[in-house]
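**Q** Just a sequence and a predicted model for now, questions to come.
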Amino acid sequence: MGVYAITGASSGIGAAIGRQLKEQGHRVINISRRTAGEEAADVNIAANLAVKAERARALEELRTVAADGLDGFVSCSGVGPSLPADVILSVNYFAAKEMTEGAYPLVDKKKGVILVVSSNSATLPQLNTELVDILLNQNDEEGAAAYGKTLEGPNKYQAYQASKNAIARWTRRWSGAWAARGVRMNAIAPGATQTELMDQGVADPDFSASMRNYPIPMLYNTGKFLSADDIAKVALFLLGPESVAVCGAVVFVDGGTDGFLRTESL
Amino acid sequence: MNPLTNYVEIFNKNDSKLFAELFSDDCIFYDTAPTSVGMDPMFIRGKEGVDMMFNMYFNSMPMSAKPVALNGNIMDYIICYPGIEIPCRGEMLEEKEGKIARYHVCCRK
């Protein structure tokens, strides 16, 4: 069976992906601040991915633990808009990008698959394009952190949305070159999912009303959010051989939200 | 009664389910006015869609409508968000059993 590394497999969507991979008999390596339970990971690499030096150390450890290569890498670590904006930008964009780039040589060894977790927030209106440019084109983590510190209260959502937009676009930018070398890369854009991150958002007065009233057509009038296990099923499809022709895609796994809100955009 | 008569008054109650009752079950609501402020146009099919869309809007920001004029099936009004006013013209292209069945909105120049 295969060897997979996941950032953020200690909770939420990452943990659900880890569990489902393990249920299929794969070996799972978790990279995150907190330890994943044995149902979600076989090996834990402890690292606070908001800190650049810890990313480098975690990758060094990953190269030792998975010396023969990876069949798949999942960038799933992420924080929600309740946290300070500079942390959001570091974890959701810079860490996601650096960890994926760092894991790529290991995935290349086995011609495996990479999956990046974005969000369907990436395409919502009022995207802060200046901030996206700082991330995606200037690649300036310090500049982004300084900008992030100016965002307070509900404006922190701009950091969340920009980080998720930028990482989805980064995935598309890089996917062609890596595909030509035999490594597929895709992104998923989950919608409102029942996780710790969602609980934090709903408890935050700056975001509670908008999160509770976010339209999820498939869950209309139920008051429920999507389940992490349902998101993970699509992740496993994209990591597996059945999706061999899918590359450079951003797959919305959101119960119909993106289709509903952006009917006129493809 | 023309269902547009109470449109603005009901819109201003910010109750998405009540607002959706103005529309037929299989209505089409097509609104290009948001493009005037850089947002996507809005295409909604079905009463549930009207409820979902306006539940989101009504709960995410203060939103109101100011009436301007109603002439038959054409209504001019202004949609107000914080710091933004969009002059709109709505046209009811089809009515079904006293409900709006097909409604197109554009930004009034």
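**A** Nice, I can see it.
**Q** Next up, the contacts around A:V244.
**A** For A:V244, the contacting residues are A:R184, by CB atoms under 8 Å, 6 or more residues apart in numbering or on different chains. Glycine gets a C-beta too; all of them are placed from N, C-alpha and C.
**Q** ditto for A:L261
**A** When contacts are counted by CB under 8 Å, 6+ apart, A:L261 touches A:L124, A:P215, B:D40, B:M53.
**Q** residue ranges for the helices of chain B, please.
**A** For chain B, the helices defined by DSSP state H occupy B:7-11, B:16-20, B:47-60.
**Q** Buried deepest among those, which one?
**A** helix B:47-60 (a mean of 20; mean count of other CB atoms under 10 Å in any protein chain shown).
**Q** circling back: for the contacts of A:L261, which entry has the maximal number of neighbours?
**A** Neighbour counts for these peak at A:P215, which has 23 neighbours (criterion: other CB atoms under 10 Å in any protein chain shown).
**Q** Distance from the helix or strand where A:T171 lies to the middle of the chain?
**A** A:T171 is part of helix A:156-180 when elements are defined by DSSP states H and E. Chain-centre distance of helix A:156-180: 10 Å, with CA atoms, centre = their mean, to the nearest Å.
**Q** so for it, what's the average pLDDT?
**A** What helix A:156-180 shows for mean pLDDT is 97.
**Q** so how far is the helix or strand that that helix is followed by from its chain's centroid?
**A** Going down the chain from helix A:156-180, the next helix or strand is strand A:184-190, by DSSP H and E. Relative to its chain's centre, strand A:184-190 lies at 8 Å (CA atoms, centre = their mean).
**Q** got the CA positions of strand A:184-190 in CSV?
**A** Output of strand A:184-190 as CSV, limited to C-alpha atoms (Å, rounded to 0.1, in the frame of the first residue of the first chain):
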residue,chain,number,x,y,z
ARG,A,184,-0.6,15.2,-10.7
MET,A,185,-1.7,18.1,-8.6
ASN,A,186,-5.2,19.3,-7.9
ALA,A,187,-7.0,21.4,-5.3
ILE,A,188,-10.3,21.0,-3.6
ALA,A,189,-12.4,23.9,-2.5
PRO,A,190,-14.6,22.7,0.4
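**Q** Sheet-wise, list the partners of that strand with their directions.
**A** strand A:113-117 (parallel), strand A:250-253 (parallel) (DSSP bridges).
**Q** ok so, going back, for A:V65, which of the helices of chain B is the nearest?
**A** Between A:V65 and the helices of chain B, the shortest gap by CB to CB is with helix B:47-60, which sits at 44.0 Å.
**Q** Show me what the closest one is packed against.
**A** Helices and strands touching helix B:47-60, by 3 or more CB pairs under 8 Å, 6 or more residues apart in numbering or on different chains; DSSP states H and E, are helix A:208-212, helix A:257-261, helix B:16-20, strand B:23-31, strand B:42-45.
**Q** Before I go, just wanted to say thanks for your time.
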